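*Asks:* Build me a model from this:
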Amino acid sequence: MNQHYDFVADYKENNILRGSFNKLAVNTFGIQFEDWYKLGYWTKKYIPYSMKDDDKIVSNVSVNLMEFNQRGSRKKYIQLGTVMSDKDYRGLGLNGYLLKKVIEDYKDKCDGIYLFANDSVLDYYPQFGFRKANEYHYSRKLSFTGSSSVSPFPLSDKKALKEMEKIIATSRPSGQMAMNNLGLYMFYLSSFMKNTVYYVEEQQAYVLAEEEEGNLILHEIFGVGEVDVMAIVAAFGNGNKKVSLGFVPEDKENYDKELLLEEDTTLFVLGNGWEEFEEAGLRFPTLSHA
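*Replies:* Numbers count the residues shown, from 1 in each chain. Prediction:
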């Protein structure tokens, strides 16, 4: 095996390297980025930092430039994602080199760096200065009567995706931690969440939601103005006994608050200023995970 590896970044327009990156992502996580790229949603906000062996991407840490409206303040964070190494190139220090390089490049250019770690590597990231941080989950029991009045808005073709782009661009997302990243929204909506969008006419709002055995999961709400979350919940009818929010509601006191504990999604943070995030009982919206 060649023991010399080269660093490369931001190479999405290189067909060979992008293809190799995509193959590694499929083999590691079972996800692919090619359709996202071809639809034009892979923007300058997603930057792979990689090591290559000739034209083969063998290790990667992706930089996601994230912007949030955090309780009325604009925050710029760096989210690290798609952390992976080819199985034949593990244990060589390549991923550690990339993590150190990303931290050095961005530590003074943002309000903080964060990532979501798999349970198998919880001891790895503290070596680079990261620490575990708490997120909180908001839910509420339901007792509505009546039938559903929501209208499905399937994103089945490019025309529908373009319409969804306009909706996101002209609406405001809900909650105390609202993301501004069209490309990341469309990563979800152009693939495995394309059948989760509904329109609620009474609220003039588009809702990203899933129903699972009596549990209504609201991932995001896009409305032109203020929306009544519980009116949107009621529009899904009486088949749900609980609503779980994928974002932090404005009126947190009306919901049950729990420490967010999910498999393979432990939040690690780096930098100063995270005390405000934790003390305010915040979480990163589910559709902001990269």
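
*Asks:* Show me the shaky parts of the stretch 1-150 of the chain.
*Replies:* 1-2 (pLDDT under 70).

*Asks:* 80 instead?
*Replies:* 1-3 (pLDDT under 80).

*Asks:* Could you pull out the helices in it for me?
*Replies:* 15-29, 34-38, 94-106 (DSSP state H, counting those that start in this stretch).

*Asks:* Buried by neighbour count: which residues of the shortest one qualify?
*Replies:* Residues 36, 37 are the ones in helix 34-38 that count as buried (16 or more other Cβ atoms under 10 Å). Every residue, glycine included, has its C-beta placed from N, CA and C.

*Asks:* ok so, going back, out of the helices of the stretch 1-150 of the chain, the one nearest residue 4 is which?
*Replies:* helix 94-106 (11.7 Å; Cβ to Cβ).

*Asks:* which residues sit against that closest one?
*Replies:* 5, 7, 49-51, 58-61, 63, 78, 80, 83-85, 113, 127-129, 270 (Cβ atoms under 8 Å, 6 or more residues apart in numbering).

*Asks:* Mind listing the strands the longest strand seen in the chain pairs with, and their directions?
*Replies:* Identified as the longest strand of the chain according to DSSP state E is strand 56-70. Taking DSSP bridges as the criterion, strand 56-70 sits next to strand 46-53 (antiparallel), strand 73-85 (antiparallel), strand 177-179 (antiparallel) in its sheet.

*Asks:* got the helices of the stretch 1-150 of the chain as TSV, with distance to residue 257 columns?
*Replies:* TSV is the format used below for those (distance: least, Cβ to Cβ, whole Å):
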stretch	distance to residue 257
helix 15-29	31
helix 34-38	34
helix 94-106	31
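
*Asks:* ok so residue 166 is a helix residue?
*Replies:* Yes: looking at residue 166 with DSSP: H, G, I helix; E, B strand; the rest coil, it is inside a helix.

*Asks:* I'd like the distance between it and residue 91.
*Replies:* Separation of residue 166 from residue 91 (Cβ to Cβ, to the nearest Å): 47 Å.

*Asks:* partners of residue 212 in the sheet?
*Replies:* Beta bridges link residue 212 to residue 215, judged by DSSP bridges.

*Asks:* ditto for residue 243
*Replies:* Under the criterion DSSP bridges, residue 243 forms beta bridges with residue 140, residue 216.

*Asks:* burial of it, as a residue count?
*Replies:* Residues lying near residue 243 (other Cβ atoms under 10 Å) number 23.

*Asks:* Please apply the same query to residue 272.
*Replies:* When neighbours are defined as other Cβ under 10 Å, residue 272 has 8 of them.

*Asks:* Would you confirm that it contacts residue 108?
*Replies:* No: with contacts counted by Cβ atoms under 8 Å, residue 272 stays clear of residue 108, the gap being 11.5 Å.

*Asks:* Show me how far the longest strand of the chain is from its chain's centre.
*Replies:* Using Cα atoms, centre = their mean, to the nearest Å, the mean C-alpha position of strand 56-70 is found 11 Å from that of the whole chain.

*Asks:* and of the helices of the stretch 1-150 of the chain, who's closest to residue 174?
*Replies:* The closest of those to residue 174 is helix 34-38. By Cβ to Cβ, the value is 24.2 Å.

*Asks:* which residue sits closest to residue 175, ignoring its sequence neighbours?
*Replies:* With Cβ to Cβ, 6 or more residues apart in numbering as the criterion, residue 175 has its nearest non-adjacent residue at 3.8 Å, and that residue is residue 247.
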